[in-house]
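Student: model the structure of this input:
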Amino acid sequence: MTLKKSNLMTIQTQLNNTFAGIILKLFSDFLIHYLWEKRWFFIALFVGGVLMLAPTPNGLSPDGMIVLAMSIMATIMFIAEPIPLPAVALLIILGQIFLLGHDSSLVAKTVWNDSVLFILGSLMLAVAVVKQNLDKRIAWLIVRITGTKTSRICFGISLVSGLLASFVGEHTVAAMMLPVGITLVTLTSDDPKKVKNLAAVLLFSIAYGASVAGIGTPSGGARNAIMIGYWKEFFYEPSNPETYKFIVDYARWMLFAYPMFLIQAPFVTLILLYTFRPEYSDLSRAVVKLRQTVESQGGMTRSDWVAILLFFIILLGWIFASDIFGMGTIAILGAVLFLVAGLVKWEDINSGVNWGVVLLYGAAISLGIEMKETGAAEWVAMSFLSLLEPFGASDGFGLWAAVSVLTTAVTNMMSNGAAVAVLGPIVLKMATVAGESPITIGFITAISSAFAYLTVVGTPACTIVYASGYLKTTDFLVVGWKMVLASTIIMLLAARLYWPILGS
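Tutor: Numbering: from 1, shown residues only. Here you go, the predicted model:
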């Protein structure tokens, strides 16, 4: 039986239509799925495009408007993470070239600075510490003091991180303590999904413990030294004894700020445990493995002592020589010394360092510099405070709260040092006009700049623990707002009740 030619053509047409329909449906399904999956990426682009096309507000330059739009787009992408964060970093770099018309070489200089070198060197040193298994010895020392309860271990890690960070800077401590937290997580379970909350509690204990302590002393962060310099430059007159109170030395700073760290430390652990609720309330299993691992290593070897000596030298370099050579230079030098001494191989560093995080932090700093240079940060600050004036926030307690909220918002978009550098002159001038104490307003600004709990790029400590791969960007928001609220309340109570006793 044969088919007619017309019937064959009809069947072939139906098959072609069916095939085309299948292809069209697959394409439409893919397009819908892609658009939905990347919806926040397109939302960010839409918001940025609307801002760039909108009329430029008074007091804001066209370039400042572009930078402000870029900052909002980047913030949306940092939070929603519709594309890999290193890709967001690359978009920030491309935006400065194509939207602002900057030369690529000049943009590259703002991306690669001493802070970025420090992040890079710190991550490399963290790999070297893991290679020497010193992280396990540090973890064992902490556990021997705290016991095996998860809550006590978390508090111990937070307190140790804080005590160290208050003197040598949170960047250093986060890099040094990160392997300790990862060791306890991996010894508990090899499956990250089974220890997600435990990992979050341990790693955030490092980052937030270091952050709340960075305000404790002038050496705890660049923001502290910047504010001390502003006080002296704006208000101190050698011929006027009454202005001597604006000379804030190391001891006086500690009197104002260090009690805040001691009060905040328990709240860090309580908030983390309440937010994430670890899968294991007791880490006895991990502690047994940790003890076996440490005992199997035997006594300290020559390599161990060399590694400790090198790390101690690096710490001394950060404390005493960073103002001359830069913290990044010393961090890179330390990594090179570990390589030269044969204590770690380049293959280990190459596979252990999250290079995308380095790029991310560099791009964030670069955007922060543009915020400052174009005047966008200053415009945001003045606009924000003018909005609050009708609500009585132009002086007194209202002004304190407004300055804290503003600083917190800005420091979560750029480095805390840059936030204080940009906002410092503005808020101190406002304090003078409002008849408020510049010491009080200055401390509120410097301390609030440490409340960078909400984003990955808010502080290097958060960036470093995020590089572990155990945390998501949304984790910072989930717990960060609670940390911001608790820290702000503690600081404002200190400003109202404690600082006046010290003569603020």
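Student: okay, now the unreliable bits of the stretch 51-200 of the chain?
Tutor: Applying pLDDT under 70 to the stretch 51-200 of the chain flags the ranges 133-136, 168-169, 172.
Student: quick one, helices of it?
Tutor: For the stretch 51-200 of the chain, applying DSSP state H, counting those that start in this stretch gives helices covering 62-80, 85-98, 104-111, 114-131, 134-146, 150-168, 170-188, 196-213.
Student: out of those helices, which is closest to T301?
Tutor: Proximity to T301 (C-beta to C-beta) singles out helix 134-146 among these, at 11.1 Å. All C-beta spots, glycine's among them, are computed from the backbone N, C-alpha and C.
Student: by mean pLDDT, which helix or strand of the protein comes out lowest?
Tutor: When the helices and strands of the chain are scored by mean pLDDT, DSSP states H and E, helix 5-37 comes last with a mean of 64.
Student: count of residues packed around K38?
Tutor: 15 (other C-beta atoms under 10 Å).
Student: show me what contacts D114?
Tutor: 326-329 (C-beta atoms under 8 Å, 6 or more residues apart in numbering).
Student: and the residues you listed, which is closest to I215?
Tutor: Ranked by distance to I215 (C-beta to C-beta), the contacts of D114 are led by M327 at 18.1 Å.
Student: next, give phi and psi for N240.
Tutor: phi -120, psi 110 (degrees, to the nearest 10).
Student: contact partners of stretch 278-291?
Tutor: Under C-beta under 8 Å, 6+ apart, the answer for stretch 278-291 is 136, 139-140, 143, 148-151, 153, 183-184, 187-188, 194-198, 201.
Student: mark which of these are buried, thanks.
Tutor: Buried positions within those, assessed by neighbour count (16 or more other C-beta atoms under 10 Å), are 136, 139-140, 143, 148, 150-151, 153, 183-184, 187-188, 195-198, 201.
Student: how much space separates A495 from I447?
Tutor: Per C-beta to C-beta, to the nearest Å, A495 is found 9 Å from I447.
Student: neighbour count winner among these two?
Tutor: Neighbour count, other C-beta under 10 Å: between A495 and I447, I447 has more, with 28 against 22.
Student: how about that one, nearest residue that isn't a chain neighbour?
Tutor: Nearest-residue entry for I447: I215, 4.8 Å, with adjacent residues in sequence omitted and distances by C-beta to C-beta, 6 or more residues apart in numbering.
Student: contacts only, for the one you found.
Tutor: 221, 224, 257, 260-261, 446-447, 450.
Student: now these in CSV, with secondary structure and pLDDT?
Tutor: Formatted as CSV, the contacts of I215 follow (DSSP: H, G, I helix; E, B strand; the rest coil; pLDDT from 0 to 100):
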residue, secondary structure, pLDDT
G221, coil, 70
N224, helix, 79
A257, helix, 90
M260, helix, 90
F261, helix, 90
A446, helix, 91
I447, helix, 93
A450, coil, 90
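Student: pLDDT weak spots in the stretch 251-400 of the chain?
Tutor: Applying pLDDT under 70 to the stretch 251-400 of the chain flags the ranges 319, 322-323, 392-395.
Student: same thing but 50
Tutor: Nowhere does the stretch 251-400 of the chain drop to pLDDT under 50.
Student: what number of residues lie near the residue lying closest to A126 once chain neighbours are set aside?
Tutor: Nearest residue to A126, sequence neighbours excluded (C-beta to C-beta, 6+ apart): A175, at 4.9 Å. Residues contacting A175 under the criterion other C-beta under 10 Å number 27.
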